[in-house]
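Engineer: no FASTA, just this:
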């Protein structure tokens, strides 16, 4: 039996090596896909902190509020400010057109009298605090124009960008208000006590925020799924499953020629034939993974992308995942091959089914970016289980226990595909 | 052993589609050891179905088949070890060389590498293919492929050889080489069961001819060469099967 399986493996590998078109499909296409998709998706994958938001800034206030907003935005990191406050030719219309035309993603206008509104508002609160009977100065009524910093947004800018700017401005204004209030209260206390007090200010929030990875960062520099970290395993999975086109095609070709008839009159059954074919293609899958991961590590930096970070990963688990994914891909191939009546049908069905499973499985776009309904469908795709298994090894530094939730469905899928394929081969071959 | 027959077929029935007519309708057939039996019949007569069931490629709906005493349905491995099949289509991998094809099929039969080499070279030489045996089969002519198709079925030295129209669409030289090889192996004691539309071929090669039509054996000719040649065999054949076309 082993000799017969080895003969099938040898035969498949010899035919593969001589099939130039097939080799291109198995190796060249995924290399192109990895490079192109990683480049295309590089920008969307970058963190906001790595991206620059170009802001057109106009301070009509000229006081402390405008200056503090400008300082706050510049210190915040992603904002590149162009201050046109001193530009005499600037007016509302020109300002608006500059943002609308896309030259700037966001325009911020600090209104005239903003500092005065801040002062009056703070004084009013302080006066009320120390003398509740006093109504205070009501000139700082809310909703007057000078009480709002205007934010103009280029219509094509993503919602996430707008919210980033708005929340940053809100934080700056809240901090400014608190500082002003504390300063005015200090002054009032000095009047009441007759003592000179140290001005006090809240430099840092009493409760801060600290962001951590939900798994240890392996190399210390690795970040959650950048373009390379996503696309290299993603298109490796796609390539392994896409071998269905060649594998199923070879099966149909064997059936169409007299080879299958001859095989049926020889010792050994469908299980041996399928085992031989699957092992040969599994070797191809491991080779694909080795090639694409090598490209991820060494070629990606030359394309201006992050290198695939494999430092500190568990190589045994990586091999286990690759074998599981390759096994599932080749099992799917023999299933398609068993049911396809013509080579054309196997090629069309095989390729389209893999593209659909890849699309819903988070190969093109990670699942977490999809709508809820699609995410639910995506979790049913073997390519998603494969992606998650690779993420456990490459990003989450998971243990073998973390892999099982993804490996078990893959193994069940593989077993079902093989079982049905053997049954179908027996049924169709000896009708 | 079933009465010293190499092949014993009883009451064989095969219907591919319900209501479409029976491909085999209760066929009985005996083949003696060392016999060169020709199965003749018009298109759709049931020749290929009969060979497919005897060799275990297809399953019968009813009836029994014993090959060298082994029941095809119950003991397929024993049957497969003693038979060789040359199918109607070329049963070779085009992306492999002739020697690689022989190595592959030889290993499936459990032959050692040295046995494959020795027998393979001998057979290749016998049909004039040894000098081009390292070329991919896909680059060969139809005649060369047909000759290798036959050689591959003989590699494991089967006791019984089945041939389904082995000389279709080939040149005279290739056909002559195949005839010579078949006569030679039959003289060495191998039983041959063979289908063809070429009556002169059957007349030259076969020791007995069975005529099949509508899934039944409708006639039999012992030693057709002695009947007075292909013309008389043709007259007998047409007398049994009629002159109407058998378009399917």
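Structural biologist: Sure thing, it's come through. These numbers were taken from a predicted model, which means no experiment stands behind them.

Engineer: Could you give me the buried positions within stretch A:102-120?
Structural biologist: A:104-115, A:117-120 (16 or more other C-beta atoms under 10 Å in any protein chain shown). Placement of C-beta: from N, CA and C, glycine included.

Engineer: so which of those residues comes closest to residue A:332?
Structural biologist: Taking C-beta to C-beta as the measure, residue A:332 sits nearest to residue A:105 out of the buried residues of stretch A:102-120, at 44.5 Å.

Engineer: what's that closest one in contact with, if anything?
Structural biologist: With contacts defined as C-beta atoms under 8 Å, 6 or more residues apart in numbering or on different chains, the neighbours of residue A:105 are A:53, A:54, A:55, A:99, A:153, A:154, A:157, A:161.

Engineer: The longest helix along chain B - what's its average pLDDT?
Structural biologist: Longest among the helix segments of chain B by residue count, using DSSP state H, is helix B:172-187. Helix B:172-187 shows a mean pLDDT of 85 in the predicted model.

Engineer: what sits up against the following helix or strand past it?
Structural biologist: Following helix B:172-187 in sequence order, the next helix or strand is strand B:191-196 (DSSP states H and E). Strand B:191-196 is contacted from outside by B:6-7, B:31-41, B:47-48, B:51, B:54, B:159-167, B:182, B:185-186, B:202, B:205-206, using C-beta under 8 Å, 6+ apart.

Engineer: what are the pairing partners of strand B:191-196, and which direction each?
Structural biologist: Strands adjacent to strand B:191-196 in the sheet, as given by DSSP bridges, are strand B:36-40 (parallel), strand B:160-164 (parallel).

Engineer: now the contacts of residue A:105 as a markdown table including pLDDT?
Structural biologist: Compiled in a markdown table, those are given as follows (pLDDT from 0 to 100):
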| residue | pLDDT |
| --- | --- |
| A:53 | 78 |
| A:54 | 83 |
| A:55 | 87 |
| A:99 | 82 |
| A:153 | 82 |
| A:154 | 77 |
| A:157 | 70 |
| A:161 | 74 |
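
Engineer: show me which of those neighbour chain B.
Structural biologist: With C-beta under 8 Å from any C-beta of the partner chain as the criterion, no member of the contacts of residue A:105 is in contact with chain B.

Engineer: Could I have the PyMOL command that selects the buried members from these?
Structural biologist: This is the PyMOL syntax for the buried subset of these, where burial follows 16+ other C-beta under 10 Å:
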select buried, chain A and resi 53+54+55+99+153+154+157+161
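
Engineer: backbone phi and psi for residue A:151, please?
Structural biologist: phi -120, psi 120 (degrees, to the nearest 10).

Engineer: these two touch, right, it and residue A:166?
Structural biologist: Yes - taking contacts as C-beta atoms under 8 Å, residue A:151 lies within contact range of residue A:166: 6.2 Å.

Engineer: Identify the contacts common to those two.
Structural biologist: Counting by C-beta under 8 Å, 6+ apart, residue A:151 and residue A:166 have no shared contacts at all.

Engineer: number of nearby residues for whichever residue of the stretch 151-300 of chain A sits closest to chain B?
Structural biologist: At 3.2 Å from chain B, residue A:258 is the closest residue in the stretch 151-300 of chain A, using C-beta to the nearest C-beta. Other residues lying near residue A:258 total 19 when counted by other C-beta atoms under 10 Å in any protein chain shown.

Engineer: so where's chain A uncertain?
Structural biologist: Low-confidence segments of chain A, defined by pLDDT under 70, span residues A:46-51, A:134-146, A:156, A:158, A:200-205, A:208-209, A:211-225, A:428-431.

Engineer: Quick one: the strands in it, in order.
Structural biologist: Defined through DSSP state E, the strands belonging to chain A, from first to last, are A:53-59, A:79-83, A:106-110, A:150-153.

Engineer: I am finished for the moment; much appreciated.
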